[in-house]
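[1] Everything below, folded, please.
(2 chains)
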Amino acid sequence: MSYAENIEQAVSVCKQQTVLMQRCLAQEKLMDALKHTSIMLTELRSPLLTPKQYYELYILIYDSLSILSTYFVDCHTKRHHLADLYELVQYAGNILPRLYLMITVGSAYLQCADSPREEIFKDMIEMCKGVQHPMRGLFLRYYLSQRTKEFFQADSPEAKKTNANFVITNFIEMNKLWVRLQHQGPLREREQRTRERKELKILIGVNLVRLSQIVESDFNMYKDEILPLVLEQVIQCRDVVSQEYLFDVICQVFPDEFHLGTLAELLSTSLKLNPAVPVNKIVLTLVERLNGFIDRQENPGIDEISQKLASLNIGEENSNLFFIFWKFLNQLSEERPDLQLQELAPVVQGILKLKLRWGPDNIRNVNTLLSFMTEKCKEHGKAIPDECDYLFHDLLLAPEFTNSMKFFYNVLTQCAAYQELLSLQNKKLQRHCVNEILDMLVNARWQITSKADLETILKICESLIEADSEKPASSLMLDEDDALGNENWTLSPDHEKLAKLTHLCFNKSVDVHIELLLSCRNWFQRSGRNIKYHSPAIISNFWILIRKCQWKLKREQADSEKYSNTIKQLFKHISRTIDNLYNSSGGGCLDLIYKLNLQTASLADQSQLGDIAYDFFSQAFTTFEESLSDSRTQFQAIVNMAQTLQKTRNLYMESYYETLITRCTLHGSKLLKKQDQCRAVYTCSHLWWATEISLLGEEEGITESFFREGKRVLECLQRSLRVADSVMDNVQSCELMIEILDRCCYYFIHGDETSTNVSVKYINGLVELIKTNIDSLKLERNSMLDDDRTLNNGGDKAYIGIDGCYIHLGATNSVATTFTKPPTSKSTNLESIPIEHFDRTLQYIQDQKEVDSRFKAIVL
Amino acid sequence: MLLLALSDAHIPERAIDLPHKFKKLIGVPNKIQQVVLLGNCTKSHSFLQFVNQISPNVVSVRGEFDNKTLASSKTSREEIPLNTILKQGDFTIGCCNGYTIVPKSDPLSLLTFARQLNVDIVLWGGTHNVEAYTLEGKFFINPGTCTGAFSADWPAAQDSEPGAAEQPRSDAAETTTQQASGEAAQSDGRTTPSAGQTEDPSGAHGPATQPENSDSAAEPNAHPNAGADDFDEGLKNVPSFCLLDIQGSTCTLYIYTYVDDEVKVDKIVYNKG
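    Next up, the predicted model:
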């Protein structure tokens, strides 16, 4: 007998022979039917078919044989006895058709009540050994397994055992054949064969499914009689594809509880596998399965589960999951020193995952695992390869950690190994992780209340603070940077996050809170120049504490001494922090230091600590005198000083206030540019004219004790007018005078000549002076108009700002541009700036006449 | 068109970030045409990124803690002006942080500033307290601090009741001005965040409803349960910002405040003329 040349032919032969067979059966010509069947079965001997084609053919043949089988059963004892048929088919010429027929008859016979079951089973499985060709053997045994599956229902334990043994034997043989398939044919087709084998894997796996059906829920049987045999086969076959697949199937087909009970066996088996089998895959499958177990429980309480386990007689040693995995991990690292970090890391992560699912709150175990990983990294010695980055990133920021901020915080603060493991990674990864950690903490506004926690977290952030100091501190370059007088630093997102960390520090106890802030400060100290990013954050927290103490001081009279001491202490801390900033920044942020001193001074004033306020103001002056060099910065600084001083209330002892405001005005009058001098001095006039602070209960017209000296106010105005008059640029000069007129109006509203010394006569004189100057400006403008410029230059407008800069608002732009020097563009009509400003001021005075009769005395 | 005014963020030196609810409200691209930062808003990289994503048109004025310049691109830096002018609809808007205005936040001084720059609306900051009023026909708006940052100005609670006057307001300052200048009769529309109207800016821009002329509405924005434990909350200011909807000669101001984890909105309409 021969076989077809390709699958199409084979299929048509099969179909044809099936029809013939059916016809013979209808005519009750059994022998002829068997002959046709035999011809059909011969097709299965074809060596030309791929596994897929073979499978297709097999399905077709299986259906035909089912028809035959039905006939055998129906006609049993009527026309033939199956025992006789069983003998008869032995005479088929070729072994493969013979065995298929034999199994068909045998399985039909098994359906009869009086059949010798065990003998038939035994005979069939023995005979199958006759086919050793891998693919044919596999399918033959698969056929055996399919034909016999319905006879495995057994009630007695013995029968169950027999059935299980039958399946196991078949399984072992099939697996051997499957493995052998790999080693057939030429070497270069190896990969193709591996692929083909994978297509056939289901044939083998089905045996394990059958086993799980037989064993049902009998854990002891599984543990003692099935699993050891199966695992032994898995180990012995030493085949990668087979081991990986079988382990997976074992995990999938048997119940979760069984795995829990046999974890140790499973894991120790995984150690004995071919080294090429990825251990991490196996462990992860198991972990998924076990975690899935919890998800599948109706009442996922740990108690419920352990009860369930107890009912299955799972030994104590197997119930401590973590311990088993931990033991496994140690064995793994001992027996497989060759294992790469890439493979080990996922295993550790898998165990971690399991751990956190089964005992979510046990930080100690997390630490144990992390320190194991740390050890491994250290053993690794060399730098950890870049391709591991994502593995360690996943491990350090595992979703199991980060899902709950509380838990993550505990991991961060209580696992010493976390920080250590992090510190072993390369700098890039470290910074990346720390950034994510900080983001999480900050977004959750997570309060750090204890010093120990804070220090651990700061240690974790180590990489950020060091990051910049790593760059060679080529002081030359940096100095150059500073020499440019730079108040300009680039924003650094890293340092921004560190600064925000300061705001997370909190404790109800002021003393502890201070301690936390001091820890931060000392730590930030290490960042060298970058301290400028963090110091303001620390200082602002000290400020808040000062205010808190002020409140407490008022509320808790009993502790008033304690709180006033704390307040003084806080001011010292601030002073020290500012000093540090000054020393570390090397002159890079003087303006910042100046402002910090000012604001601290005003807080001290609010705390009725005049001495301290005076010190901070003096400090600000020192900064101003020594180092602020840029003229615009100087002007803004001195005006800001005036604003701050004007709001102070507790500097009156020892004429601190007079000293400070005189000094401030003096500095103002010594500014580099005349226009700055003028503006600073008229602004300083307000220092002799306190206005109410309603929050203090002061009220204009009622409070008597305002610090007011009209004489000095007028002196300032006169002085600034003199400067304005001496300004060469007519536009600027005029503008300044109008600004002074505006000030005069301010004082005029505020009080009579008797108190403000700003008299109607003085104002009238000033208006007159401005008018004269404006007239000459108009002349200038008119003469220039001849240079064919239109008065209405397309709607462009220019103004002079409060700091003397030029603000140019184009007709088409919605946003103005500002210039520090007069714009050179011809379209800008500078002369009209003071002219129009003057008109507006006169209009204002005119309007005031209607509400305030005193204004009527002003001649326009 | 919508103009967003943010001031005194002080990130990272005094605050972590805007309240999440604020971010959700304003963090929608292409809704707001112009953003104005009124000082102390330029030290945070992430905040500036957030602002740039609201609108590409961002104008900044310098607060006392801002650097002198700000990187406008990778290589160039721009000086942050102390004051500047915007033009929207029929309005010109003067912006400054006000840290060089003496006396601080004094309405008459601000009026002088408005006159010098010839603007209809003044946006200023620096006080960390939201306020809005009209004076001499000009509209003065301080959006307060958008993060609730600490302010070193005089605190409200100088008496023994920290809760009662938690939010300092400079109402009296203005009252005084009116007395002093004899303008008491002037009907200046002003409101406070606690007035409790809640209106949606995206809603109908109905006829200009002048808010009630209420000096009495100056109810302090106290936490209802300001006890000893609320010290720490009360130490910071109430986060707030302003949104200006400008249509021709009408400016509708929406004041957003964040109190007790909720966003409150108040509305004031200002007409030019």
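[2] And the helices in the stretch 1-150 of chain B?
    Along the stretch 1-150 of chain B, counting by DSSP state H, counting those that start in this stretch, helices occupy B:20-26, B:45-54, B:107-117.
[3] Would you format those helices as TSV with mean neighbour count, distance to chain A and mean pLDDT included?
    Backbone N, C-alpha and C define where each C-beta goes, glycine included. Output for these, formatted as TSV (neighbours: other CB atoms under 10 Å in any protein chain shown; distance: least, CB to the nearest CB, whole Å; pLDDT from 0 to 100):
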stretch	mean neighbour count	distance to chain A	mean pLDDT
helix B:20-26	16	9	94
helix B:45-54	17	4	92
helix B:107-117	23	5	96
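[4] closest one to A:L609 among the ones you listed?
    For the helices of the stretch 1-150 of chain B, proximity to A:L609 was assessed by CB to CB; helix B:107-117 is nearest, at 28.4 Å.
[5] in the helix or strand harbouring A:N165, what's buried?
    Take DSSP states H and E as the rule and A:N165 turns out to sit in helix A:157-182. Neighbour-count burial for helix A:157-182, counted by 16 or more other CB atoms under 10 Å in any protein chain shown, picks out A:160, A:162-182.
[6] just to revisit the earlier point, need the helices of the stretch 1-150 of chain B in JSON lines with distance to A:I638, can you?
    Shown next, in JSON lines, are these (distance: least, CB to CB, whole Å):
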{"stretch": "helix B:20-26", "distance to A:I638": "35"}
{"stretch": "helix B:45-54", "distance to A:I638": "29"}
{"stretch": "helix B:107-117", "distance to A:I638": "17"}
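[7] Quick one: closest of these to A:S450.
    A:S450 lies closest, by CB to CB, to one member of the helices of the stretch 1-150 of chain B: helix B:20-26, at 26.4 Å.
[8] what sits up against the closest one?
    In this structure, residues lying in contact with helix B:20-26 by CB atoms under 8 Å, 6 or more residues apart in numbering or on different chains are B:4, B:17, B:32, B:50, B:54, B:146, B:239, B:241, B:243, B:256, B:258, B:261-263.
[9] most surrounded residue in those residues?
    Within those, most neighbours by other CB atoms under 10 Å in any protein chain shown means B:C146, with 34 neighbours.
[10] any idea how far it is from chain A?
    As judged by CB to the nearest CB, to the nearest Å, B:C146 and chain A stand 16 Å apart.
[11] Might you report the residue contacts of that residue?
    With CB under 8 Å, 6+ apart, B:C146 has these contacts: B:6-9, B:18, B:22, B:41, B:239-241.
[12] Distance of it relative to B:D153?
    According to CB to CB, to the nearest Å, B:C146 and B:D153 sit 17 Å apart.
[13] Over to A:D155?
    Per CB to CB, A:D155 is found 90 Å from B:D153.
[14] For the two, work out which one has more neighbours and name it.
    Using other CB under 10 Å, the more surrounded residue of A:D155 and B:D153 is B:D153, with 23 against 7.
[15] Give me the phi and psi for B:D261.
    Backbone geometry at B:D261, expressed as degrees, to the nearest 10, gives phi 60, psi 20.
[16] Find the nearest non-adjacent residue to it, please.
    B:K21 (7.7 Å; CB to CB, 6 or more residues apart in numbering or on different chains).
[17] Name the residues of the stretch 451-600 of chain A found near chain B, please.
    Proximity of the stretch 451-600 of chain A to chain B (CB under 8 Å from any CB of the partner chain) is limited to residues A:487-493, A:496-497, A:499-500, A:503-504, A:506, A:533, A:536-537, A:539-540, A:543-544, A:547-548, A:550-552, A:554-555, A:591-592, A:595, A:599-600.
[18] Show me which of those are buried.
    Burial by neighbour count, 16+ other CB under 10 Å: within those this picks out A:487-489, A:491-492, A:496-497, A:499-500, A:503-504, A:506, A:533, A:536-537, A:539-540, A:543-544, A:547-548, A:550-552, A:554-555, A:591-592, A:595, A:599-600.
[19] Sort out for me which of the residues you listed are in helices.
    Filtering those for membership in helices, criterion DSSP state H, returns A:496-497, A:499-500, A:503-504, A:533, A:536-537, A:539-540, A:543-544, A:547-548, A:550-552, A:554-555, A:591-592, A:595, A:599-600.
[20] is it true that A:P47 lies in a helix?
    No. Secondary structure of A:P47 (DSSP: H, G, I helix; E, B strand; the rest coil): coil, not part of a helix.
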